[in-house]
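Student: Have a look; sequence and predicted model below, questions after that.
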Amino acid sequence: MPHAIRFYETGGPEVLRWEEVQVGSPGKGEVRLRHTAVGLNFIDVYHRSGLYPVSLPATPGLEACGVVEEVGEGVTELKPGDRVAYASPPLGAYAEERLMPADRVVKVPEGISDQQAASMMLKGMTAEYLVRRTFRLGSEHTILVHAAAGGVGLILCQWARALGATVIGTVGSDEKARLAEAHGCQYPIVYTREDFVARVLDITGGHKCDVVYDSVGKDTFMRSLDCLRMFGTLVSFGQSSGPVPPFDVGVLSAKGSLYLTRPTLMHYTARREDLVMSANALFQMVLDGKIRIEINQTYPLEEAARAHRDLQGRKTTGSTVLLV
């Protein structure tokens, strides 16, 4: 019988359990998958901790790569043996096997490994919509990326550089600064010893940035606004430091008629055609060598709790994969 990680109450990593589960046969429009690799993402922590409420008991995880074992009625685009990946609800990726809606799954092309696919779908498609749809980046733009050495950050910096943008990023250490710089961040700022607002002003000659990509939330939100030039855009797409407190929207006017958006990948890939477009754009960037997908940490799936501790403790860089 296959195993999965389950949690029956919200809390710290210790609530995660490794248990046998029953999977069953796929229903109409579903496929049964045998996972080979599972992606670790900060949203998994939000679900486990209760920051993003889920129905309990639950199996965490929104991203994985695997092989189609069986297809349900009406599924025509996929067949047993196909290598596929996904990054979308429903939860349940932390499992050896699972059922998944077929319209949420995409085929993985030759030239991309299972571990790469499992580690890049959520992060990579997030980077895709951030630079091509939320704010259409071009060579005329200067950007600030918080957590530039993180999973999304490393892909986002590479994609932005491929589009010709000037890339500034914040990181927590000199080691992470070197990592970010090697992945397209031209101006890494070590925020633990440097005032990132002052450094942005210095780097840009006082002109500031066209857009700030902020996945940190509470600790950076207000000061991110100070890094934007008139009519600039703050893209708040995560909250690793905690949720952003309520604030007076008049601040946006006072600081230069700024724009604020709080996007999510689930909306940008809600339609099947948008999902396929985003995934294919990501695959092509990787196959063309414009984006390198590097897995810097791996853990056995049954040790998901240890992986969560390291992720929250900022001990990880880039992408992390749970091996099945």
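Tutor: Thanks, I have the structure now.
Student: ok, now which ones touch the residue nearest to residue 131 when sequence neighbours are not counted?
Tutor: Spatially, and ignoring its direct neighbours in sequence, residue 131 is nearest to residue 137 (4.5 Å; C-beta to C-beta, 6 or more residues apart in numbering). Bear in mind the C-beta positions are built from the backbone N, C-alpha and C, glycine included. Counting by C-beta atoms under 8 Å, 6 or more residues apart in numbering, residue 137 touches 131, 143, 160, 163, 165, 211.
Student: Neighbour count for those - can I get that in a markdown table?
Tutor: Rendered in a markdown table, the data for the contacts of residue 137 read as follows (neighbours: other C-beta atoms under 10 Å):
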| residue | neighbour count |
| --- | --- |
| 131 | 24 |
| 143 | 27 |
| 160 | 27 |
| 163 | 17 |
| 165 | 24 |
| 211 | 27 |
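Student: Would you point out the most distant pair within those?
Tutor: Greatest spatial distance among these (C-beta to C-beta): 163 and 211, at 12.0 Å.
Student: so how far is residue 201 from the closest residue in space to residue 272 that isn't next to it in sequence?
Tutor: Of all residues not flanking residue 272 in the chain, residue 103 sits nearest, at 5.1 Å (C-beta to C-beta, 6+ apart). Residue 103 is 47 Å from residue 201, where distance means C-beta to C-beta, to the nearest Å.
Student: Then residue 194?
Tutor: 12 Å.
Student: which residues does the closest residue to residue 312 other than its chain neighbours contact?
Tutor: Distance criterion C-beta to C-beta, 6+ apart; nearest residue to residue 312, sequence neighbours excluded, is residue 45 at 6.0 Å. Counting by C-beta under 8 Å, 6+ apart, residue 45 touches 51, 308, 311-312.
Student: can you check residue 147 too?
Tutor: Going by C-beta under 8 Å, 6+ apart, residue 147 touches 153, 170-171, 215-216, 240.
Student: All the helices of the stretch 201-324 of the chain, in order from the start?
Tutor: According to DSSP state H, counting those that start in this stretch, the stretch 201-324 of the chain carries its helices in the segments 221-225, 250-254, 265-268, 272-287, 304-312.
Student: buried set for the fourth one?
Tutor: It stands for helix 272-287. With burial defined by 16 or more other C-beta atoms under 10 Å, the residues of helix 272-287 counted as buried are 275, 277-279, 281-283, 285-286.
Student: want to throw those into TSV with pLDDT and distance to residue 224?
Tutor: As requested, those are exported to TSV (pLDDT from 0 to 100; distance: C-beta to C-beta, whole Å):
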residue	pLDDT	distance to residue 224
275	97	29
277	97	29
278	97	25
279	97	29
281	97	26
282	98	26
283	97	31
285	97	26
286	97	29
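Student: and which of those residues is nearest residue 72?
Tutor: residue 275 (18.9 Å).
Student: So that closest one sits against residue 102, correct?
Tutor: No - with contact defined as C-beta atoms under 8 Å, residue 275 does not count as touching residue 102 (11.7 Å).
Student: hang on, the earlier thing: narrow the contacts of residue 137 to those in helices?
Tutor: With helices defined by DSSP state H, the entries of the contacts of residue 137 inside them are residue 160.
Student: which element is residue 124 on?
Tutor: Residue 124 is part of helix 114-129, with elements assigned from DSSP states H and E.
Student: That helix - contacts with which helices or strands?
Tutor: strand 30-39, strand 63-71, strand 83-87, helix 151-162, helix 265-268, helix 272-287, strand 295-300, strand 319-323 (3 or more C-beta pairs under 8 Å, 6 or more residues apart in numbering; DSSP states H and E).
Student: Quick check: which of these is nearest to residue 229?
Tutor: Taking C-beta to C-beta, helix 151-162 is the member of the helices and strands packed on helix 114-129 nearest to residue 229, at 16.9 Å.
Student: what's the angle from the closest one to helix 114-129?
Tutor: Orientation note: helix 151-162 sits at an angle of 60 degrees relative to helix 114-129 (axes from the mean of the first three to the mean of the last three C-alpha atoms, to 10 degrees).
Student: After helix 151-162, which helix or strand is next? Please name it.
Tutor: Downstream of helix 151-162, the next assigned helix or strand under DSSP H and E is strand 166-171.
Student: Residue 79 reaches residue 71, doesn't it?
Tutor: Yes - using C-beta under 8 Å, residue 79 is in contact with residue 71, at 6.4 Å.
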